[in-house]
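In: Sequence first, predicted coordinates after that:
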Amino acid sequence: MTANPEIYDILIIGGGINGCGIARDASGRGMKVALVEMNDLASGTSSASTKLIHGGLRYLEQFEFRLVKESLKEREVLLKAMPHIARPLRFVLPLHPDMRFEENTPASKLLANLFPWMKGKRPSWLIRLGLALYDYLADGQILPGTRSVDLTHDPSGKPLKDTFRKAFEYSDCWVDDARLVVLNARDAHDRGANIMTGTKVLKATARGGEWEVELSNSGKLESVKAKILINAAGPWAETVIAMTKPEHYQKRIRLVRGSHIVTKQLFDHEKCYIFQGSDSRIIFAIPYETNFTLVGTTDQNHGDIKTKPYCTDSEKNYLLTAATQYFKFPLSESDIVWTYSGVRPLLDDGSTSASKITRDYKIEQSDTNGSPIINVLGGKLTTHRKLSETVVDKIVPILENKSKPWTHGFPLPGGDFPYHQVHKLLEELKNQFGFLTEEWATRLVRAYGTDARIMLNGTKAIEDLGRDFGSTITSTELDWVIAKEWVRCAEDFLWRRSKLGLRVLPEQVKEIDSYISKALISN
C-alpha cells in the first residue's frame, strides 16, 4: 500500500461519458483530478448506445420538456465541438394509419380525455404537431427543421414497402459514442488529470474531511486521497453508494438493457429511419460504418449488474420483425453480422414499462463523516457536457475555486475545424498524404479529425507507416492509440476506439493483440 498517498481535489469513479466529461471540465478549471475505471474507458453503457445525439422525440410524450429542450440545445453545441466524430442526420418517419401511442404515457392519457374517438391512434397531424414542438424547442441555427416527404419519389422510399407513401423528415445527430468518451478523457489528461484504467476501487473511507481510497491495478495495491469523491460509475453507481454510505443506502437506479443488431447494408443513402412497431415502441435503422446498418434498440429490465448483457434471441427476433414490417425485403438472422447490448442505469421513477422510464439525470450531493461525495445517477450521451458542468459547479464552492464554466464552445481533441468543413479536411489529408485511399482517409478524419495530420506527420509512403495489419490498420496508428488513448489490447482498439472488429480476420486480431502487448512491455 502507498506510504504517502497522493492527494487530489476530486477522485472520479467511472470511465464512462459522465465520468470523463466531469474530469475534463474540472481539469480545465485548474482542479487536481484523478479518474479510475476498473475496465477500459467506455467499456460499459457508453459504448453500447444507439450512437445518437438527440433531443428524444418520444420523450415529449412523457412531458419531459426540460430534458428535451436541454438535449436539443446541446446537439449543436456538441456538433461544433466534435465535427469529426459527430455529424447531422435526417430521420425519416414513415406514416401509416395504425400508428398508436404507447399506453399510459402522460400524452396518451391527456389525448384519450380530449379526443376519446381516436382510441389511442397517432394521426399524422398530431405527429406533425409534435415535430413542430421539437423544432421550436431546438431553436437551432445549424440543423434544418421538419419537412414532409413523398416516399413514392424520394430515394428514402425505395427500400420501403409500397404501402408507405408519406413520411416526415426531421434532424438529429450521429456520434461515435466510445470515441466521445476517449476524447473527453484525452482532453482531461492534457489538462492535468490522471486517468487510470484497469483500476478498481476496493474501499473508500471517509476520514478527517477527506476520502481515503484503496485501489487495485493488475493486483498492485495503492491508495490515494481526495477532498471530494465523485460517483459516476453508471450501472455500478449503487455499488459505490453502498460502499461509501451503507447506513443510508436506498435503491434508486433501475437497470434496463438495450440491445442492437448490425446487419448487412439495407439501403444505400445516408438518411436513417425511425419506425414504430406493433407494440407502439420505436426503433431506428441507421447507416453504420459505411457497409452496414444498425437496428435498435430494445428496452428490457436487467436484474443484476453482475450478469453480462447480451442480445438475446428474443431481442434479435423483435428487431428483425419490427424492421421487416417496413422494408420490402424480409430480414432474417442470416442478415445479422454483429450484435451488442448495454445496460442503462436509469432513475427508477416507478414506471411499469422499461421504455417509459425517464432518461433524465439526478445529481445528489452529501457528505459522509464530513467528507463530500457527489452521486451522478442516470443521464445520457447528449446531456453529458451540461451534466458535467453542473457537477463541477457544485464542487467550485467546496474547494473555494473561483473558476467559471468553460466547455461550451471548446472543441475536443481533433475537432478544431468548422463543423461544415469535414469534406475540406478530408481533401487536405488526401493531398498531403497521397497514399491514402478515399475510404482510408475518411476513416482517419472521422476518428481523429485534425489529429490525423499529426499522427501521419513525416510519412511519405505506405511503407513509412510500419507494419500493415490489414483493413488500413498500421503500426503508426496502433502506436498512437497506445500512447494517447489508453489502448491495452486488441479489443480496446477494434471495438471501442474503432469498429474495425467488423472487418478484421481472427488471425489479424491475434497479431494486433501481440503487437500491443509487446509495445506496452517495451514502454
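Out: Now that the structure is in, tell me what you want to look at.
In: so is Lys308 in a helix, a strand, or just coil?
Out: Here Lys308 is coil, with the state taken from DSSP: H, G, I helix; E, B strand; the rest coil.
In: Quick one: distance of stretch 69-84 to the chain centre.
Out: Its chain's C-alpha centre and that of stretch 69-84 lie 13 Å apart, by Cα atoms, centre = their mean, to the nearest Å.
In: Tell me what Val201 is bridged to.
Out: Legend: beta-bridge partners of Val201 under DSSP bridges are Leu215.
In: OK, contacts around it?
Out: Applying Cβ atoms under 8 Å, 6 or more residues apart in numbering to Val201 gives the contacts Ile13, Val36, Met38, Val213, Glu214, Leu215, Val240, Met243. For glycine as for every other residue, the C-beta is placed from the backbone atoms N, C-alpha and C.
In: what do you get for Lys484?
Out: By Cβ under 8 Å, 6+ apart, Lys484 lies in contact with Arg186.
In: got a pLDDT number for it?
Out: For Lys484, the pLDDT comes out at 97.
In: and if you look at Lys161?
Out: Note on Lys161: pLDDT of 96.
In: Next, count neighbours for it.
Out: For Lys161, the neighbour count with other Cβ atoms under 10 Å is 16.
In: got it, and the one 10 residues further on?
Out: Here the neighbour count serves as a burial measure; for Ser171 (other Cβ under 10 Å) it reads 22.
In: My guess is it contacts Arg87. True?
Out: No. Applying Cβ atoms under 8 Å as the test, Ser171 and Arg87 come out as separate, 11.2 Å apart.
In: re the thing from before, now, which of the contacts of Val201 sits nearest Gly378?
Out: The nearest member of the contacts of Val201 to Gly378, counting by Cβ to Cβ, is Val240 at 14.6 Å.
In: helices or strands next to the helix or strand the closest one falls within in the packing?
Out: Per DSSP states H and E: Val240 is located in helix 237-244. If contacts are counted by 3 or more Cβ pairs under 8 Å, 6 or more residues apart in numbering; DSSP states H and E, helix 237-244 sits against strand 199-207, strand 220-231, strand 371-378.
In: I'd like the next helix or strand past the shortest one.
Out: Heading C-terminal from strand 371-378, the first helix or strand you meet, by DSSP H and E, is helix 384-399.
In: For that following helix, name the packing helices and strands.
Out: Contacts defined by 3+ Cβ pairs under 8 Å, 6+ apart place helix 384-399 against strand 6-13, helix 17-28, helix 65-81, strand 220-231, strand 361-368, strand 371-378.
In: Check this protein and tell me which residue is nearest its centre.
Out: For the chain, the residue nearest the mean C-alpha position is Asp177 (3.4 Å; Cα atoms, centre = their mean).
In: ok, and the closest non-adjacent residue to that residue?
Out: Closest residue to Asp177 apart from its sequence neighbours, by Cβ to Cβ, 6 or more residues apart in numbering: Ser49 at 4.7 Å.
In: Would you agree that neighbour is in contact with Ala178?
Out: No. With contacts counted by Cβ under 8 Å, Ser49 stays clear of Ala178, the gap being 9.1 Å.
In: what ranges do the helices span in this protein?
Out: Listed in chain order, the helices of the chain (DSSP state H) span 17-28, 65-81, 106-114, 124-138, 177-190, 237-244, 313-324, 384-399, 422-432, 438-448, 451-456, 475-484, 490-491, 506-522.
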